[in-house]
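Novice: What shape does this take:
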Amino acid sequence: MTRVTIQKVMPTLPVSELRTHQAQVLSRLQEGPILLTQRGRGAGVLIHPDQWNKVMSYLEQYEAILGLKGPVTQLLSSSSRQQRKAGSAKHMDIHISDDFDEPLEDFAEYM
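Specialist: Got it, this is the predicted structure:
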C-alpha cells in the first residue's frame, strides 16, 4: 500500500520584508501562518496567537486521547530539557584514534 503525504504550503516571506512592512505582514497572519526565510532558507514561522492556542489545544487533546503525559508540549518548553553533565557518556564504548589530531594526507599541500 502506498502512503500519500500531503503537505500544506504556506506563504513565504524574506525576513527583510518583515522589517520594512510589519503592519501588513501582521495583518496577513489572520489568513494563516507565514514562513520567514533568510538567505533563501526557512528561518521561522509567524503564527497568529489565536491559531497557536488552537494548535496547542489540539495537541493537548491528542495527548489526552493517547494517554500521554504531554511529550509534545514538553518538547516545546525549554525548561524540560535535560542539563548536560560531564562524564554522562562514560558507559559508551567510544574510541578515538591516537593519530586523531594529525594532519590528513589530503591537505599536506596546504600545510
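
Novice: Spell out the residue ranges of the strands in the chain.
Specialist: Ranges of strands in the chain, per DSSP state E, are 12-14, 34-38, 41-46.

Novice: any idea what sits nearest the residue most central in space within the chain, other than its immediate chain neighbours?
Specialist: With distances taken as Cα atoms, centre = their mean, Gly44 lies nearest the centre of the chain, 8.4 Å away. Among residues not flanking Gly44 along the chain, Leu36 sits closest, at 4.6 Å (Cβ to Cβ, 6 or more residues apart in numbering). Where C-beta positions appear, they are placed from N, C-alpha and C, glycine not excepted.

Novice: Quick check: the one you found vs His91, distance?
Specialist: For Leu36, the distance to His91 equals 41 Å [Cβ to Cβ, to the nearest Å].

Novice: between the two, which one's more packed in?
Specialist: Leu36 (18 against 7; other Cβ atoms under 10 Å).

Novice: quick one: that one and Leu46 touch, right?
Specialist: Yes. Counting by Cβ atoms under 8 Å, Leu36 does reach Leu46; the two are 6.2 Å apart.

Novice: Which residues are in contact with each of those two?
Specialist: Listed as contacting both Leu36 and Leu46 by Cβ atoms under 8 Å, 6 or more residues apart in numbering are Leu18.

Novice: Ranking the strands of the chain by mean neighbour count, which comes first?
Specialist: Of all the strands of the chain, strand 34-38 carries the top mean neighbour count, a mean of 16, counting by mean count of other Cβ atoms under 10 Å.

Novice: and the angle from it to strand 41-46?
Specialist: 140 degrees (axes from the mean of the first three to the mean of the last three Cα atoms, to 10 degrees).
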